[in-house]
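In: Fold the following, please.
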Amino acid sequence: MSKKWQASDIPSLADKRVLITGANSGIGYHAALKLARKGAHVIFACRDQTRGEVALARMEADSPGLRIELAIVDLASLSSIHHFAAAELAQHRPLHLLINNAGVMAPPRRMETADGFELQFGTNVLGHFALTALLIPALQQAAAASSADMAGRPRVVTIASIAHKRGRIDFGDLQSTRNYSPMGAYQQSKLANLLVAFELDRRLRAENSRIMSVAAHPGVANTNLFQSGKYSAAEKSLRAFLGHAIGIALNTDSEGALPTLYASTALEAKDGGYYGPQGFQEMRGEEVGPAKISAQANDTVAATRLWQICEELTGVKIFGDVVAVASRV
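Out: Numbering: from 1, shown residues only. Have a look, this model is predicted:
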């Protein structure tokens, strides 16, 4: 890039509909704020009604007149995802940008989703896979009506992490039933996010779809991932301290949102691209550019296998711009 890309470079998003999971706090909130300020109609996809309403009130107080709304969807429940997607599609409105941002990070004990999946894999990977699959018709509607240039193409943006570099996909124990490691399961889920994002790109291009699949990571930012969850009082205090230290030494959640915004709107972003901060070890920095991809994230055989497992476990199948229901195992 010839110059440092900034949030001010986001083009006008008037008449664009944007859905961000986990937009009630952290990086998701700041991405939502900046996109809404550019004219987008932003949907806060949150699992908690109260927290979502507080986030909307905060944003309305900060920037009155923005086009924002709250939608309730729990990514740890396939039933909730189906219910939300059905309601969204019933409106017959295009969706121009889907940002798969919400996540669970390293709960100390193994927990499960409503469908019996390990919480991190079930939420971070399977929940977003199902949501993306079910919303493909709305994205395709936006693609059909969009202009031919890059700015007009709808995008699916997947938020990954530098933690993916230490991740390994344990196909023999994806749900961590035999051996649960809080960070190990998180790293696996973030690697899986990248594998799915890249595989989605390959499948969309094979179908000549105009929908883009792009990924990004925030570096290391002080987000609610460090503090939310069921932890002891001592661990909550430690996580709050670590988050504060990260905010001082590395990225605030506002700064951490920049790669998300780049992947979502920059004309320079490419199909199948992965973007992050360009500072030391990609942990921080005001400049955004291509992020480093681990060898395991480029494993197309593993990506194909993981994709098929996601289809089986969620009961949703994506064929480019076609959605069909598969048998659930």
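
In: Could you use CA atoms for every contact and neighbour count after this?
Out: Will do.

In: can you count the residues close to residue 138?
Out: 23 (other CA atoms under 10 Å).

In: Just confirm it is within a strand.
Out: No - counting by DSSP: H, G, I helix; E, B strand; the rest coil, residue 138 falls outside a strand, being helix.

In: so what's it up against?
Out: The contact partners of residue 138, taken as CA atoms under 8 Å, 6 or more residues apart in numbering, are 89, 92, 93, 94, 95, 96.

In: Might you report the residue contacts of the fourth one?
Out: Read that as residue 94. Counting by CA under 8 Å, 6+ apart, residue 94 touches 17, 138, 139, 140, 141, 142.

In: hey, what's the residue nearest the centre of the chain bridged with?
Out: Centroid check for the chain by CA atoms, centre = their mean gives residue 100 as the closest residue, at 2.2 Å. Residue 100 has these beta-bridge partners by DSSP bridges: residue 158.

In: For it, list the residues it contacts.
Out: Shown in contact with residue 100 (CA under 8 Å, 6+ apart): 20, 21, 128, 156, 157, 158, 159.

In: Name only those of the contacts of residue 138 that count as buried.
Out: Buried members of these, counted by 16 or more other CA atoms under 10 Å: 89, 94, 95, 96.

In: thought the last one was touching residue 16?
Out: Yep, that's residue 96 we're talking about. Yes - the pair residue 96 / residue 16 is scored as a contact, 5.8 Å apart, by CA atoms under 8 Å.

In: Residue 157 contacts residue 217, correct?
Out: No - here residue 157 lies out of contact with residue 217, judged by CA under 8 Å, at a distance of 10.2 Å.

In: shared neighbours, those two?
Out: Jointly contacting residue 157 and residue 217 under the rule CA under 8 Å, 6+ apart are residue 260.

In: Would you map the strands across the stretch 101-250 of the chain?
Out: Taking DSSP state E, counting those that start in this stretch as the test, the strands found in the stretch 101-250 of the chain are 155-159, 212-216, 221-222.

In: Please tell me which one of the contacts of residue 94 counts the most neighbours.
Out: That'd be residue 139 among those, by other CA under 10 Å, with 26 neighbours.

In: which residues touch that residue?
Out: Applying CA under 8 Å, 6+ apart, the residues contacting residue 139 are 94, 95, 96, 97, 154, 155, 211.

In: Helix, strand, or coil at residue 318?
Out: Quick answer, by three-state DSSP: residue 318 is strand.

In: can you tell me how far the residue nearest to residue 141 when sequence neighbours are not counted sits from residue 308?
Out: Spatial nearest neighbour of residue 141, excluding adjacent residues (CA to CA, 6 or more residues apart in numbering): residue 94 at 5.2 Å. Note on residue 94: its distance to residue 308, by CA to CA, to the nearest Å, is 27 Å.

In: Ok, residue 105 next?
Out: Distance, residue 105 to residue 308, by CA to CA: 24 Å.

In: When the two are compared, which one has more neighbours?
Out: residue 105 (21 against 12).

In: Quick check: that one touching residue 122?
Out: No - here residue 105 does not reach residue 122: they are 12.0 Å apart, not a contact under CA under 8 Å.

In: which residues do these two both contact?
Out: By CA under 8 Å, 6+ apart, no residue touches both residue 105 and residue 122.

In: can you list the contacts of residue 139 in JSON lines and add pLDDT?
Out: Formatted as JSON lines, the contacts of residue 139 follow (pLDDT from 0 to 100):
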{"residue": "94", "pLDDT": "97"}
{"residue": "95", "pLDDT": "98"}
{"residue": "96", "pLDDT": "98"}
{"residue": "97", "pLDDT": "98"}
{"residue": "154", "pLDDT": "98"}
{"residue": "155", "pLDDT": "98"}
{"residue": "211", "pLDDT": "97"}
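
In: Closest one of the residues you listed to residue 194?
Out: Within these, proximity to residue 194 (CA to CA) peaks at residue 155, which comes in at 15.1 Å.

In: so who does that closest one touch?
Out: Residues counted as contacts of residue 155 (CA under 8 Å, 6+ apart) are 96, 97, 98, 139, 211, 212, 213, 214, 264.

In: again, but for residue 184
Out: Neighbour list for residue 184: residue 167 [criterion: CA under 8 Å, 6+ apart].

In: do residue 301 as well
Out: Counted by CA under 8 Å, 6+ apart, residue 301 has zero contacts.

In: ok, it to residue 219 distance?
Out: For residue 301, the distance to residue 219 equals 27 Å [CA to CA].

In: likewise residue 293?
Out: 13 Å.

In: Looking at these two, which has the bigger crowd around it?
Out: Neighbour totals were compared for residue 293 and residue 219, and residue 219 leads with 27 against 15 (other CA under 10 Å).

In: just the helices in the stretch 1-150 of the chain please.
Out: 26-37, 49-62, 78-90, 119-120, 128-145 (DSSP state H, counting those that start in this stretch).

In: likewise the stretch 201-329 of the chain?
Out: Going by DSSP H, counting those that start in this stretch, the stretch 201-329 of the chain shows helices at 233-249, 253-256, 258-265, 300-314.

In: so where is this protein shaky, pLDDT-wise?
Out: Within the chain, the ranges that satisfy pLDDT under 70 run 1-2, 147-151, 221-251, 253, 280-282, 285, 319-329.
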